[in-house]
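Novice: fold the following, please.
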Amino acid sequence: MAGWAITDKVTGCENELLCDGKLLAKGVVQSVDFPKARLRLLSESDQSLIDVPIGFVVKLRNAPLDSFCKIINDKVFLIGGDRKGFRATLYGIGTEYCVVAVHGQARITVKCQDVVTRYGMRLNGVMLGTSDLISLCDLRRRSYLTSPPRRCITPPPDRVPSASSISTRTDSSVLWTSWGANPEDNNTTDTNTAEGPSSSVDPSSSTSDPWTVDAQDTQDTVDARAEKEDNGPLSWLMSKEFASQLLSYHALLKVSLKFNGGGGKLHRRFVSTACPDPFCGADGPAPEGFVAVFCSSSNKGATLQHYHIPAGDLCPVPPRRKNQLCLILDGEFRGQIRTVSKCNVKLSIAELVVEDSDAPSITLRFDQICLVERFMMS
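Specialist: Predicted structure coming up:
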């Protein structure tokens with residue numbers, strides 16, 4: 001490999017990884033470590049990051065801009081410069097600069113490295129790191145207008161009596177005024193309404209004070225929290241336990257029959273979680289307790305369709321053949337993504353390749369794993 005060199009050691013260049021004259025991989029340079037004479041490539045074939053010595057690669061050309069042409073007039077995010085933190089629309093792109101416009105403002109020219117797509121790639125071809133991807137997910141969610149939180153139920157306003165009902169109190173008026181009644185009123189008698197229902201109020205059936213927290217309120221809170229946390233087989237997803245893994249992988253999920261009153265056209269279909277944020281897709285942030293997913297339409301053209309589906313209506317998809325990737329949900333290797341070496345559909349078990357372990361593989365049940373696919377920028 002001696003004598004090979006990169007003519008332009010900068011990120012955003014497309015290079016080939018060669019060994020003994022054979023092409024092993026081709027991709028875009030993500031970072032260069034000059035002291036160690038190594039660089040990282042984003043593989044063109046499977047989007048994996050490859051760390052190799054600089055002498056093992058040769059530059060082909062600057063990163064092509066064709067892949068960004070399809071996002072012209074699409075939304076991008078500014079992560080540098082004076083407008084950092086804003087969402088904008090992309091109108092043009094060049095080698096070093098691009099033209100964007102923040103909503104309601106004039107078009108401006110900014111550096112490509114300061115603009116990132118919704119899936120986490122700078123417009124110079126470099127992917128964001130893990131910490132920057134997490135920041136991007138937060139920026140995307142905050143860039144959408146969210147509906148105001150639900151207000152707690154408050155007592156209705158006091159009813160203003162009409163002229164015809166000043167002298168006569170009905171059962172309905174008693175119920176309205178009971179919201180602000182003093183507990184001591186139960187021991188007093190209204191001479192004008194001695195024969196009315198207020199003269200024989202049952203304390204056990206009277207309306208409680210809405211401004212104080214009682215045992216029933218506490219139980220309601222506990223029940224609501226339990227219902228909220230009951231996400232079925234997707235508790236690992238809703239707790240964001242494996243959030244870092246799902247920044248660059250889609251989890252494949254199966255839609256339940258109970259979704260949308262019978263599953264509809266998505267019943268028995270596999271859907272994929274959005275990347276890099278499973279809770280914020282192309283249609284914006286998913287409501288609380290929902291997951292942002294997508295799948296190809298069954299119509300001609302196979303365009304992508306995006307949905308927000310309740311977590312309780314989704315379950316993990318198991319593998320079906322070897323060489324597929326699975327996220328391990330349970331056991332010693334919990335949170336790791338491994339390759340399937342053997343798959344037994346009848347027994348609902350699969351063997352996964354494990355590196356840096358005494359055993360070459362481990363056997364897990366289907367309910368302990370979830371099929372995933374590496375995120376491919378299309």
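Novice: confirm for me that Asp114 is in contact with Gly81.
Specialist: Yes - if you go by Cβ atoms under 8 Å, Asp114 and Gly81 touch, sitting 4.8 Å apart. For the C-beta atoms, the positions are set from N, CA and C on the backbone; glycine is no exception.
Novice: these two: which is more packed in?
Specialist: Asp114 (20 against 13; other Cβ atoms under 10 Å).
Novice: need the pLDDT of the residue nearest to that one when sequence neighbours are not counted.
Specialist: Distances taken as Cβ to Cβ, 6 or more residues apart in numbering place Gly80 nearest to Asp114, at 3.2 Å, with adjacent residues excluded. We have a pLDDT of 89 for Gly80.
Novice: roughly how far does Gly80 sit from Arg118?
Specialist: Shown here: Gly80 relative to Arg118, a distance of 16 Å by Cβ to Cβ, to the nearest Å.
Novice: neighbour count winner among the two?
Specialist: Arg118 (22 against 14).
Novice: what about the residue nearest to Asp114, which SS state?
Specialist: Secondary structure for Gly80, judged by DSSP: H, G, I helix; E, B strand; the rest coil, is coil.
Novice: isn't it right next to Val116, touching?
Specialist: No - judged on Cβ under 8 Å, Gly80 makes no contact with Val116 at a distance of 9.1 Å.
Novice: buried sites along stretch 345-354?
Specialist: Ile349, Ala350, Glu351, Leu352, Val354 (16 or more other Cβ atoms under 10 Å).
Novice: what about Lys84, neighbour count?
Specialist: By other Cβ under 10 Å, neighbour count at Lys84 equals 12.
Novice: do the one 3 residues further on as well
Specialist: Using other Cβ under 10 Å, Arg87 is surrounded by 18 other residues.
Novice: quick one: it and Phe77 touch, right?
Specialist: Yes - with contact defined as Cβ under 8 Å, Arg87 reaches Phe77; the gap is 5.6 Å.
Novice: any residues in contact with both of these two?
Specialist: Arg140, Ser143 (Cβ atoms under 8 Å, 6 or more residues apart in numbering).
Novice: so where is the chain shaky, pLDDT-wise?
Specialist: 1-24, 44-47, 60-67, 146-231, 261-264, 299-302, 356-358, 377-378 (pLDDT under 70).
Novice: show me which strand runs longest in it.
Specialist: strand 22-33 (DSSP state E).
Novice: ok, and for it, which residues are buried?
Specialist: Ala25, Lys26, Gly27, Val28, Val29, Gln30, Val32.
Novice: swap in stretch 79-94?
Specialist: Quick answer for stretch 79-94 (16+ other Cβ under 10 Å): Ile79, Arg83, Phe86, Arg87, Ala88, Thr89, Leu90, Ile93.
Novice: and what of stretch 334-344?
Specialist: Applying 16+ other Cβ under 10 Å to stretch 334-344 flags Ile337, Arg338, Thr339, Val340, Ser341, Cys343 as buried.
Novice: tell me which residues are up against it.
Specialist: So stretch 334-344 is in contact with 241-242, 245, 249, 319-328, 350-354, 361, 372, going by Cβ under 8 Å, 6+ apart.
Novice: and the buried ones among the residues you listed, selectable in PyMOL?
Specialist: Buried members of the contacts of stretch 334-344, defined by 16+ other Cβ under 10 Å, are picked up in PyMOL with:
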select buried, resi 242+249+319+324+325+326+327+328+350+351+352+354+361+372
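Novice: list the contacts of the nearest residue to Ser31 once chain neighbours are set aside.
Specialist: With Cβ to Cβ, 6+ apart as the criterion, Ser31 has its nearest non-adjacent residue at 5.0 Å, and that residue is Arg40. Neighbouring residues of Arg40 by Cβ under 8 Å, 6+ apart: Val29, Gln30, Ser31, Val32, Leu49, Ile50, Asp51, Val52.
Novice: switch to 10 Å and redo it
Specialist: Arg40 makes contacts with 11, 27-33, 49-52, 126-127, as judged by Cβ atoms under 10 Å, 6 or more residues apart in numbering.
Novice: return the helix or strand Val291 falls within as CSV; C-alpha atoms alone will do.
Specialist: In this structure, Val291 sits in strand 290-296 according to DSSP states H and E. C-alpha atoms of strand 290-296 as CSV (Å, rounded to 0.1, in the frame of the first residue of the first chain):
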residue,chain,number,x,y,z
PHE,A,290,-47.6,6.7,19.5
VAL,A,291,-44.8,5.6,17.2
ALA,A,292,-43.8,7.3,13.9
VAL,A,293,-43.6,4.5,11.2
PHE,A,294,-43.7,4.2,7.4
CYS,A,295,-44.1,1.5,4.8
SER,A,296,-44.4,1.2,1.0
